[in-house]
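Participant: Quick one, structure for this:
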Amino acid sequence: MRSEGAALGRLDFLGQAIPGARLLAAAAPLAGGLKTLGDSAHPVLLFLPNTPTWVVTLLAVLAAGRQPLLVDPRAAPDALEELIGRHAPDLAVTLDIGTVLDKLMRLLPAMPAAQVRIARFAAELPFPRNLLFPLLRGGGLANLPDDPRFARLESLQGPAPDPAGAWSGPLLTAAGPVAQAAVWADAALLKAQAGEEASPRWLLTAPLGTPQGLAALFAVLSQPAALLLSPRLDARSLDKLAVQGRATRRLPDRAGGSTDG
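Facilitator: This next block holds a predicted model:
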């Protein structure tokens, strides 16, 4: 990923504030691992809801010189199969949330040669939810399939790559390729629109893997602001988070419509 200075902003996720510097630090060894796994000619599929793991994985994929394939895991299976089959990822990153992992399992025939790395969602939850999550239906460590293609994401580590060698091609989304230059331009526009807002707290109402989501992410990482993330994008969850998180703005704004699911 092209550097725009230090990561100044942060993510707010389920009551936790995660500084951008911590996201970059987590992405560095993952990027090193990505350089040793798979073929750079094939993209890396991010099959994740809006979570810090999504952000860390994207930063790692870009730093490793790999091409990210960004999808909305809530999308219809037929549309996902077509997109995945067309781009042929050789690695998929997901979470051990039961509904997400189960859906990815059904899509595996569209990418028969792909490895799968699974992050622990419980690690992203604040205490004491992180202790209870493995006991809830659809969550926890038992979701790691007994298949040699599957492994934990944290096992994918390696020496951090040289940031100067970072790949700068388009990001593959369901709406088509998005150039990083366009994302940075949109991010700069968001920063300008923030004006004199003293403490920007932006609620992301779209998937991170959309042009709007990418612009919001990069805008926050390059200025002192907070991006409120929710793995649920239905209207009720977003309205609740807007109040609890003291959001100063929704991205996209209401005129553009929230993404419900």
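Participant: show me where the chain has helices.
Facilitator: Ranges of helices in the chain, per DSSP state H, are 20-34, 52-63, 77-87, 98-107, 129-132, 180-194, 211-221, 235-244.
Participant: If Pro177 is in a bridge, with which residues?
Facilitator: Leu172 (DSSP bridges).
Participant: Could I get the pLDDT score of it?
Facilitator: Pro177 is assigned 93 on the pLDDT scale.
Participant: circling back: nearest to Phe13, of the helices of the chain?
Facilitator: helix 52-63 (5.5 Å; Cβ to Cβ). Any C-beta I mention is one placed from the backbone N, CA and C, and that applies to glycine too.
Participant: Only C-alpha atoms, please: export that closest one in CSV.
Facilitator: Coordinates of each C-alpha in helix 52-63 appear next as CSV, following Å, rounded to 0.1, in the frame of the first residue of the first chain:
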residue,chain,number,x,y,z
PRO,A,52,-10.2,-5.2,12.2
THR,A,53,-9.1,-8.5,10.7
TRP,A,54,-10.4,-7.3,7.3
VAL,A,55,-8.3,-4.1,7.6
VAL,A,56,-5.1,-5.9,8.8
THR,A,57,-5.5,-8.5,6.0
LEU,A,58,-5.9,-5.9,3.3
LEU,A,59,-2.9,-3.9,4.5
ALA,A,60,-0.9,-7.2,4.5
VAL,A,61,-2.0,-8.2,1.0
LEU,A,62,-1.0,-4.9,-0.4
ALA,A,63,2.3,-4.8,1.4
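Participant: quick check: angle from that helix to helix 20-34?
Facilitator: 60 degrees (axes from the mean of the first three to the mean of the last three Cα atoms, to 10 degrees).
Participant: got a list of contacts for helix 52-63?
Facilitator: Residues from elsewhere that reach helix 52-63, judged by Cβ atoms under 8 Å, 6 or more residues apart in numbering: 1, 11, 13, 18, 23-24, 26-28, 30-31, 34, 44, 46, 48, 67-68, 70, 93, 95, 119, 121, 124, 153, 160-161, 163, 166-167, 208-209, 217, 229.
Participant: Just checking the distance from it to the centre of its chain.
Facilitator: 6 Å (Cα atoms, centre = their mean, to the nearest Å).
Participant: Next: stretch 193-202.
Facilitator: 23 Å.
Participant: mind listing what's buried in that stretch?
Facilitator: 194, 200-202 (16 or more other Cβ atoms under 10 Å).
Participant: Identify the farthest-apart pair in these.
Facilitator: Across the buried residues of stretch 193-202 (Cβ to Cβ), the longest gap, 10.6 Å, separates Ala194 and Arg201.
Participant: Spell out which residues are contacts of both of the two.
Facilitator: 225, 249.
Participant: Got the domain ranges for this protein?
Facilitator: 20-158+167-172, 176-251 (automatic domain parsing).
Participant: I'd like these laid out as JSON lines, including distance to Ala7.
Facilitator: Listed next are the domains of the chain as JSON lines, based on distance: least, Cβ to Cβ, whole Å:
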{"stretch": "domain 20-158+167-172", "distance to Ala7": "3"}
{"stretch": "domain 176-251", "distance to Ala7": "5"}
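Participant: lowest-confidence stretch among the ones you listed?
Facilitator: Among the domains of the chain, domain 20-158+167-172 carries the lowest mean pLDDT (a mean of 87).
Participant: related to what we said a few turns ago, would you format the buried residues of stretch 193-202 as a markdown table with distance to Val183 included?
Facilitator: Below are the buried residues of stretch 193-202 laid out as a markdown table (distance: Cβ to Cβ, whole Å):
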| residue | distance to Val183 |
| --- | --- |
| Ala194 | 17 |
| Pro200 | 18 |
| Arg201 | 21 |
| Trp202 | 16 |
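Participant: Go through these and name the one nearest Pro177.
Facilitator: Closest to Pro177, out of all of the buried residues of stretch 193-202 and judged by Cβ to Cβ, is Trp202, at 25.1 Å.
Participant: wait, doesn't the closest one sit right on Gln223?
Facilitator: No - in this structure, Trp202 is not within contact of Gln223 by Cβ atoms under 8 Å, at 10.6 Å.
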